[in-house]
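K.L.:
Dropping a prediction and its sequence here:
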Amino acid sequence: MGSFLREDKEHLRGDVIMVPHGSFISYLSLDFLENDFGTRLFGNKYLFKWESDRDLEKEWLEGSKIRIPMSFDSPEDIDRPVIVKSFGAKGGMGYFLANDTEDFERKSSGLSGGYQIQEYVMGVPMYFHFFFSPLNDELELLSVDRRYESNVDSMGRIPARDQEHMGINPSYTVVGNFPIVIRESLLGQVFDIGEKVVRESRRISEMGLIGPFCLETICTSELDIVTFEISARIVAGTNPFMPSSPYTYAKYGKDISCGRRIAMEVRDALSTDSIEEVTT
Ligand code: AMP
């Protein structure tokens, strides 16, 4: 089982496979990860630039032919409520909402560098944690979460008439995660979206998505799921599901977390001599 690891010293130091997460990608340069890191990563590292660059991410989402928020190239074109995301903003800090072009002009004085103007999709946020197994050629839904974001998630606690005088600037800084079980009739739509994103990932990078990935979405009152972001790796939203989630338990009949699902895939890859199919 371990013989592949021992023979492949070029790429692996000390029989190690790294499982990359968000901070790992933001703190190390993508060029270094792709070319010089020297340790195998579980998943497809060539997709990290596609999730980190807002223009590439948009190309990936558009190419997937799923529903995504409308985006506006110029503030003049704003014809509905929008969310403005500056490229430098991390974790939703520094985003702002605007109702029209004048509102945008009033609020945009602090904007420096690039930004994206996106339709503000009215609905509830839901984050789907998928796992694509290249060995089984199967897409699995591991779990679903919702983020606890400060201060937007506290706005509903203040009556609108009081908010008006408080000069609150909404921010979307993630401070925690809640588990969600979604309405069962939505599952077909969820898998359809996941499969389309996987299909497109193979067009933009040969090996496509491997292992855990997350789609960040808003579900509207018409029950349309609108996807606004992709993470091509494990996300913090899987943490409430240690040791298990209702979806993995239903599939496997035992406790399976995201970490354990990754370990299962590595073990299967080692026993079938196919570690190259799940690591890059
Ligand atoms: P992001 O940094 O893109 O993950 O977004 C941070 C938060 O902003 C999300 O968790 C949502 O609550 C909210 N958000 C982002 N994009 C949209 C959108 N197009 N419509 C409504 N809310 C959004």
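P.N.:
Structure's in. What do you need?

K.L.:
how about the nearest residue to residue 100, chain neighbours excluded?
P.N.:
Counting by Cβ to Cβ, 6 or more residues apart in numbering, residue 100 lies nearest to residue 78, which is 5.7 Å off, once chain neighbours are set aside. Yep, even glycine has a C-beta here, placed from its N, CA and C like the rest.

K.L.:
Residue 229 and residue 57 touch, don't they?
P.N.:
Yes - in this structure residue 229 lies within contact range of residue 57 using Cβ atoms under 8 Å: 6.9 Å.

K.L.:
And those two? Which one has more around it.
P.N.:
Comparing residue 229 with residue 57 by neighbour count (other Cβ atoms under 10 Å), the higher total belongs to residue 57, at 20 against 16.

K.L.:
Look up how far residue 125 lies from that one.
P.N.:
Relative to residue 125, residue 57 is positioned 17 Å away (Cβ to Cβ, to the nearest Å).

K.L.:
still on that earlier bit, report how many residues lie close to the residue nearest to residue 100.
P.N.:
Counted with other Cβ under 10 Å, the neighbours of residue 78 add up to 19.

K.L.:
wait, it sits on residue 97?
P.N.:
No - taking contacts as Cβ under 8 Å, residue 78 lies outside contact range of residue 97: 11.1 Å.

K.L.:
Show me which residues of the protein sit near the ligand.
P.N.:
Selection of the chain residues close to the ligand by Cβ under 6 Å from any ligand atom yields 69, 83, 92, 118-121, 125, 147, 149, 172, 216, 218, 228-229.

K.L.:
Quick check: bridge partners of residue 147?
P.N.:
Beta-bridge partners for residue 147, by DSSP bridges, are residue 177.

K.L.:
Look up how far residue 175 lies from it.
P.N.:
Using Cβ to Cβ, one obtains 8 Å as the distance from residue 147 to residue 175.

K.L.:
The two: which is more packed in?
P.N.:
residue 147 (23 against 11).

K.L.:
Please enumerate the strands of the stretch 1-150 of the chain.
P.N.:
17-18, 40-41, 71-72, 82-86, 96-98, 115-119, 124-133, 138-151 (DSSP state E, counting those that start in this stretch).

K.L.:
Which residues belonging to whatever helix or strand comes next after the longest one are considered buried?
P.N.:
Read in the C-terminal direction, the helix or strand following strand 138-151 is helix 160-166, with elements assigned using DSSP states H and E. By 16 or more other Cβ atoms under 10 Å, helix 160-166 has no buried positions at all.

K.L.:
Need phi/psi at the residue lying closest to residue 122 once chain neighbours are set aside.
P.N.:
The shortest distance from residue 122 to any non-neighbouring residue, by Cβ to Cβ, 6+ apart, is to residue 220 (6.5 Å). Dihedral pair for residue 220: phi -80, psi 170, per degrees, to the nearest 10.

K.L.:
for residue 94, same thing?
P.N.:
phi 90, psi 10.

K.L.:
Can you give me the distance of the residue nearest to residue 100 to the ligand?
P.N.:
Using Cβ to the nearest ligand atom, to the nearest Å, residue 78 is found at 13 Å from the ligand.
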